[in-house]
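1. generate coordinates for the sequence data below:
(chains A and B)
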Protein chains: 2
Amino acid sequence: MKKNLLLTPGPTQIPPEICAALGRPIIHHRTPQFQENLKEAVEGLQYVFQTHNDIYLLASSGTGGMEAAVSNLLSPGDKAITVEGGKFGERWTELCRSYGVEPHVLKVEWGKAVSPKQVQKILDADKDIEAVFITLCETSTGVTTDVEAVAKVVGGTKAVLVVDAISGIGVTDLQTDNWGVDVVVAASHKGLMLPPGLAFVSVSKKALALIEQSKSPRYYFDLRKAKKAMEKIDTPFTPAIGIVIALNESLRHIKQTGLESLFARYERLAMATRAAAKALGLSLYPDESCISNALTTIRLSSSIDGEKVVKRMRDTYGISVAGGQGEELKGKVIRIAHMGCIDEYDILTGLSCLEKVLQEMKYPFTLGAGVCAAQRVFNE
Amino acid sequence: MKKNLLLTPGPTQIPPEICAALGRPIIHHRTPQFQENLKEAVEGLQYVFQTHNDIYLLASSGTGGMEAAVSNLLSPGDKAITVEGGKFGERWTELCRSYGVEPHVLKVEWGKAVSPKQVQKILDADKDIEAVFITLCETSTGVTTDVEAVAKVVGGTKAVLVVDAISGIGVTDLQTDNWGVDVVVAASHKGLMLPPGLAFVSVSKKALALIEQSKSPRYYFDLRKAKKAMEKIDTPFTPAIGIVIALNESLRHIKQTGLESLFARYERLAMATRAAAKALGLSLYPDESCISNALTTIRLSSSIDGEKVVKRMRDTYGISVAGGQGEELKGKVIRIAHMGCIDEYDILTGLSCLEKVLQEMKYPFTLGAGVCAAQRVFNE
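-> As a prediction, this is how the structure comes out:
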C-alpha cells in the first residue's frame, strides 16, 4: 500500500477537505447558488493576487490563460518582448508567433533570472513594444523573476506587463497592484491545491483598453465576453463548476492562514531542501540570487541518471518528484515542489526516499545527512 | 433538507460512484498510471462515438471543442455552412465569423429540423464550401438533426461534416463512421455524467488533411499538437486529470449497459415526459417529427410565467429544470433533461413538482394526470 506522495510542481497534492468538495453533488451554474460561489471565488482570488482588478475564470489549464493574454492584448503585427529562461518562457514566444505577434525574444541563460536592465534596453530601443511577457516562477529551472523590478522598467512605457504566475501565485510574493502588473495569469493546480482545469486572468485598466482594440481572432478565450458576463456575476460559457466550488475551500484556507505566513512557510520548505541537497554533496541548479521558493531544482552527480531516480522514487516507493525538461536538463536534475499543502514531513519523506534511491544507485554520501540538514532548518 | 435534483440539460446529475472518483487523490499526468487512464478513456469514447477515428481530449467546456473544430479545419476567407435552429447553431456562426470564415447561414425555424435538401442546395450552388456545421441535439429547442441524412448529402462533396454532439453523445444514435461524420465535438457534462471542463473532438482522415492546411491562429486548441501528443498517449498541455479519471468510471458503466439500451432508456424517459405534458394540457415545443430524446421542451400556457416556474421548482422544492433561452423562448417553455443517470423516478419526481407549481399558479388541470401518464408509459 503505497501512499503516492506528490512532490511534483503541478499538479500538487489536493488536501482531503478539497477532495471531499470535489466529490460533492454538482449544482447548476445559472443559479444564485453558483453565483455566490463565483463571487466568493473572485474576491478570494483578488486577495491572493493582491489586486482590485477584475479576475476572469476560464475553464482550461494555465496555457489557456496564457493564450487569452496574448490573443486579447495584441493584434497580428504587434511587437512584444518575451523573456525566455526556460520551457515556460518559451511558451510565451510560441504563443506570440501563433498569433502573428512579433516577439523580441530575450534569451536568459537557464538557471539565471532576467536583468530588468536588459528589458529596459529593448524598450528604449523600440517604442512600439506593446507588451512584455515574463514568468514569475520558471518551473522548468526553479528560477524566480524579480517582477517588481521589471514592473518599474515597464511601468513608464506604453507596454503592458504580463506575468505567468501559474507556478508562483500564493507561493511567492506578487503585489499585482502595488507593483503595477497589468495581467497576471494563474491556474488551479499548483499553489491553490486543486485539480488542473481552471485558469485565472487578472486585468488592469491599461490592459482592458488593449483588449477592446485587439484584432486577433478569439472566441472561447475572448476576455470581452468574460468581462461582460462577470458584470452579471456569470461566465460566457459553462464554467468548470466543480473546481470553482472546491476553489472556495482552498481560498478560505489561504485567507485564514494569510499570504505572509504561507510565503514564509514555502521559504522554510525551500531552505530545508536546499540545505539537504548541499549536505548530500549535490548542487542547486539555479543561481542562488534568483532561486525560487516554489520548487527546488537539484543538479545530480553526472554519474547518476536523473530519469531513473524519478522513476524509481515513484514506481518503487510511491514518491513523485519531477525530472528535468528539455535538452539542457533532461536526466540531469530532479525538481522537488514546495507548493500547496506540502509540509515539513512531506519534504523529509521525499528527501529520505531520495537518499534511499541514491544509495541504491551507489552514489557516495553519508546516509541521513540530507534529512538531518533539513530537520535542522525546520527546528531552528 | 432539499435533495437538489438536477433535471437540467447540462450539467446533469453525477452518480455517487463518479462523485467518489472525483474526490480521489490526484495523480500526476506524466506517468504510466495516467497514460493507462488516457488510453482507456480514448477507447471508451471511441465506443460511445461509434468511431475508429482519433479522439482528442481538451481541458475546456464544449465550446472550446467547437472552437477547435473551426480554427483547425478552416482558414480566414474559407466558406462554410452553419445550420441555425437555436442558440447552439448560432454559436457555430459566431465562431466562424470570429475566425474570418464566411458562414452561409442556413436559418431553420426554431423547433424544426434542417432539411438535408436545403443543405444540398447550398452545396450544389457553391462548390467552395469547406465545412458544414450542424448540431445533433439543439439543447435550446429540443430538436434532433437527422445527421445520417445530412451526412449523405455532404459525403459526396469536398466539405467536411462537423457535428456538435455536446448534448447528444451517448444519448441518441450517432454512427460517426457508418454515416461518415468527419468531426464530432462532445463534452463531459451531459450524457457522460461528469462535471463540465472536458471536451472531446473526433477527427476523420478527411478532416485531418484540412487540419494540416489551416492557417487560422491557434495554440491551446491546436489539434496538430493534440495529435502529436496522442501518438505517445499524452496531451500537449496539462489535462483535466480529475475529470479524465472519473470519465473512465462513466465509460465503464456505459459500455456495460450498452449504447442500444441507453438509447432505449432515454427514449422511454422522453416519451413519458411528452405524454405527461399532453395530459396536463400543455404542448411540446419542437415539431414531433424531429423531437429529441435528450430533453423535452414543454410550451407552457401563455398565462404562466416560465421563469417563475423554474425558479419556484428550484428554490422552493429543490428540483432544477431549465427555462427558455433567447427572445423566442424566454419565459415560455421549460426544458426537462433525460440525459445521463436521470431515471424513471427522477422524471416522476420532476413532473410531480411541476404539477405542484402549476397548481400553485392556478393553472387548471387534473392533479396527477401528468405523473400518471408518465407512469403508464413506464409500465407498458
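2. for A:Leu5, give its distance to A:Met271.
-> For A:Leu5, the distance to A:Met271 equals 20 Å [C-beta to C-beta, to the nearest Å]. The C-beta positions use only the backbone N, C-alpha and C, and glycine is treated the same way.
3. when those two are compared, which one has more neighbours?
-> Neighbours per residue (other C-beta atoms under 10 Å in any protein chain shown) separate A:Leu5 from A:Met271, with A:Leu5 holding more: 21 against 18.
4. that one: what's it in contact with?
-> Contact analysis of A:Leu5 by C-beta atoms under 8 Å, 6 or more residues apart in numbering or on different chains lists A:13, A:318-320, A:346, A:349-350.
5. nearest to chain B among the residues you listed?
-> Among the contacts of A:Leu5, A:Ser320 lies closest to chain B (C-beta to the nearest C-beta), at 5.4 Å.
6. now intersect the contacts of A:Leu5 with the helices, please.
-> A:346, A:349-350 (DSSP state H).
7. mind picking out the helix or strand in chain A with the poorest mean pLDDT?
-> Counting by mean pLDDT, DSSP states H and E, chain A has its least confident helix or strand at helix A:326-329, which shows a mean of 90.
8. which parts of that helix are buried?
-> Within helix A:326-329, the residues scored as buried using 16 or more other C-beta atoms under 10 Å in any protein chain shown are A:328-329.
9. now swap in stretch A:194-206 and tell me
-> Neighbour-count burial for stretch A:194-206 flags A:194-204 (criterion: 16+ other C-beta under 10 Å).
10. likewise stretch A:165-180?
-> In stretch A:165-180, counting by 16+ other C-beta under 10 Å, buried: A:165-174, A:176, A:179-180.
11. of those residues, closest to A:Leu58?
-> Nearest to A:Leu58 among those is A:Ile166, at 12.4 Å by C-beta to C-beta.
12. is it true that A:Leu58 touches A:Leu198?
-> Yes - contact criterion C-beta atoms under 8 Å: A:Leu58 and A:Leu198 qualify, at 7.3 Å.
13. quick revisit: in JSON lines, list the buried residues of stretch A:165-180 along with distance to A:Phe34 and pLDDT.
-> Output for the buried residues of stretch A:165-180, formatted as JSON lines (distance: C-beta to C-beta, whole Å; pLDDT from 0 to 100):
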{"residue": "A:Ala165", "distance to A:Phe34": "26", "pLDDT": "98"}
{"residue": "A:Ile166", "distance to A:Phe34": "25", "pLDDT": "98"}
{"residue": "A:Ser167", "distance to A:Phe34": "28", "pLDDT": "96"}
{"residue": "A:Gly168", "distance to A:Phe34": "29", "pLDDT": "94"}
{"residue": "A:Ile169", "distance to A:Phe34": "23", "pLDDT": "98"}
{"residue": "A:Gly170", "distance to A:Phe34": "23", "pLDDT": "98"}
{"residue": "A:Val171", "distance to A:Phe34": "28", "pLDDT": "98"}
{"residue": "A:Thr172", "distance to A:Phe34": "31", "pLDDT": "98"}
{"residue": "A:Asp173", "distance to A:Phe34": "32", "pLDDT": "98"}
{"residue": "A:Leu174", "distance to A:Phe34": "28", "pLDDT": "98"}
{"residue": "A:Thr176", "distance to A:Phe34": "26", "pLDDT": "98"}
{"residue": "A:Trp179", "distance to A:Phe34": "33", "pLDDT": "98"}
{"residue": "A:Gly180", "distance to A:Phe34": "33", "pLDDT": "98"}
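14. which parts of the stretch 251-380 of chain A are strands?
-> For the stretch 251-380 of chain A, the strands defined by DSSP state E, counting those that start in this stretch occupy A:283-284, A:295-299, A:319-320, A:322-323, A:333-337.
15. touching the last one from outside, list them.
-> For strand A:333-337, contacts defined as C-beta under 8 Å, 6+ apart pick out A:6-10, A:12, A:139, A:142, A:273, A:285, A:294-300, A:306, A:309-310, A:321-324, A:347, A:350, A:354.
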